[in-house]
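Novice: Give me a 3D structure for the following:
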Amino acid sequence: GAGGSSSSFIPVTSNGNPNLNPEQASVFNLGFSIRPNNHLMFNVDYWRYDFSNLITQENSQSLVNSALGGDPASFAKLDLNDPTDPTSVFRVRTDVINSPSVLTDGIDVSAAYNFDVMGGATVTVGAEATYVFKYQAINQAGIAFDGAGSRNFNNFARSIPELRANFNVGYQNDNHIANMFIRYIDSYLDDQNTVTVPSYTTVDLQYGYTFGDPDEAPLRATIGVINLFNKAVPRLQTNSGFDSKVHDPRQRMIYMRLSKQF
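Specialist: Okay, the predicted model is just below:
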């Protein structure tokens, strides 16, 4: 949290709220799928959620900002070393609240194409993506904001990169299966530090071998690598040093798995 011109770690206590109203939403979906043959598939889905009385947790930074701006209700939720100085806060008490409204919409798109190669194997090429058009809401201070493309440090929304996409290439025959995945997260605004969090792309590999007839409850061994090129997550000027709601800081991970069907 930030108080005044300094930034430091300040504990936050979360409280329940017996006066909550039920959350409601109007949901609209419109989509279509095209499969002109056994090799090609294409899907598009537009979605729209209009929430009222959305149940969410108060944002601690927004409370501090409002208290510094002179709001008495926000000031009352700060525990202070100096009762007259909101910058001396040592703890923030937040409540579960009803947000007046949230309107968000976006589109999901996916496509896949498969073709046969020599030896009776199949190669599949595919992609899927989600794009968030908007996340229009009103925070607890009554200020409207659009959270799409923002880390949303100063309000109750989570980090919302506008675009996420995955691309994959797969190979399969009776006993062998291999996959490569390319995972992309779009750049977005870090509204705590007014900087851009750069886009982030990683590559995963996976290989599996099936012992015996695949149709007769086989034993399968799989080995894979997540984040093959050991790419570091974008660094941020935060307590954790990165955006924990979006990125995985563990970097390259190698795994093995044995599975048996019965």
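Novice: and Lys77, how many neighbours?
Specialist: By other CB atoms under 10 Å, 21 other residues sit near Lys77. C-beta: built from backbone N, CA, C; applies to glycine.
Novice: how about the nearest residue to it, chain neighbours excluded?
Specialist: Arg93 (4.7 Å; CB to CB, 6 or more residues apart in numbering).
Novice: Could you count how many residues lie near the one you found?
Specialist: With other CB under 10 Å as criterion, Arg93 counts 16.
Novice: Wait, it touches Ser74, no?
Specialist: No: at 10.4 Å, Arg93 does not count as touching Ser74 under the criterion of CB atoms under 8 Å.
Novice: Is it correct that Ile223 is in contact with Tyr255?
Specialist: Yes: between Ile223 and Tyr255 there is a contact at 7.3 Å, judged by CB under 8 Å.
Novice: Identify each buried residue in the host helix or strand of the residue nearest to Lys77, please.
Specialist: For Arg93, the host element (DSSP states H and E) is strand 89-117. Residues 89, 92-95, 97-99, 102, 104-107, 109-110, 112 are the ones in strand 89-117 that count as buried (16 or more other CB atoms under 10 Å).
Novice: average model confidence for the helix or strand harbouring Tyr209?
Specialist: Per DSSP H and E, Tyr209 falls inside strand 200-211. What strand 200-211 shows for mean pLDDT is 96.
Novice: which secondary structure elements does the following helix or strand past it contact?
Specialist: Going down the chain from strand 200-211, the next helix or strand is strand 219-226, by DSSP H and E. Helices and strands touching strand 219-226, by 3 or more CB pairs under 8 Å, 6 or more residues apart in numbering; DSSP states H and E, are strand 200-211, strand 253-260.
Novice: I'm done for today, thanks for sticking with me.
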